[in-house]
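> Structure, please.
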Amino acid sequence: MEGVAAMGGSIACEVCGSEWARYVCRRCNRRVCEKCLDARDWVCLECKAMGALAEPAGGLGMGPLGLPLLAFFLSFALIFIGMLLIALSSAAPAGGRGFGLILIGPIPIILGTGPEATSGALLAIALILSLALLAYAILKGRGPRSP
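Below is the predicted model:
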């Protein structure tokens with residue numbers, strides 16, 4: 001506890017010992033000051049010098065734009081599939097039944113007529129709930145973010 005006494009009650013950096021330790025290395029859990037921390041990888045300079053990082057910077061191993069870029073291409077693919085389904089449905093013979101799902105943000109609007117409307121609505125609700133659970137599982141797996 002000599003670091004605590006030397007800094008007047010605060011924790012001293014476990015690498016240099018001369019500054020206040022405000023951060024914790026994510027690899028070795030040592031308390032370090034901002035001079036001894038590599039902010040990009042969130043590791044102390046000694047762990048950085050060893051070159052053995054626990055995981056790549058970005059959390060999911062996708063880089064800084066990995067998840068947003070994946071979400072963009074997935075949404076683009078879903079829009080394309082929807083347009084394709086609309087084009088194919090125009091070739092079907094006209095009838096008095098149908099089903100539709102409109103998502104405005106998190107609010108689903110389910111439309112339908114005929115005997116297939118109930119099963120279509122249940123399918124849409126199941127799809128929305130499964131996507132919400134998937135998003136929750138992905139976000140929970142990332143853990144809390146450090147300042």
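
> going forward, measure contacts and count neighbours with C-alpha atoms only.
OK.

> Low-confidence stretches in the protein?
1-9, 52-65, 92-97, 143-147 (pLDDT under 70).

> tell me the domain boundaries of the protein?
Per automatic domain parsing, the domain ranges recorded for the chain read 2-50, 65-92, 93-147.

> Tell me which stretches of the protein form strands.
23-24, 31-32, 37-38, 43-44, 98-104, 107-113 (DSSP state E).

> Just name the most buried of those strands.
Highest mean neighbour count of the strands of the chain: strand 43-44, a mean of 26 (counted as mean count of other Cα atoms under 10 Å).

> elements contacting that one?
strand 37-38 (3 or more Cα pairs under 8 Å, 6 or more residues apart in numbering; DSSP states H and E).

> what are the pairing partners of the strand it packs on, and which direction each?
Strand pairing for strand 37-38, determined by DSSP bridges: strand 43-44 (antiparallel).

> Can you tell me what sits against the partner strand?
The contact list for strand 43-44 (Cα atoms under 8 Å, 6 or more residues apart in numbering) reads V24, C25, R26, R27, R30, V32, C36, L37, D38, L53.
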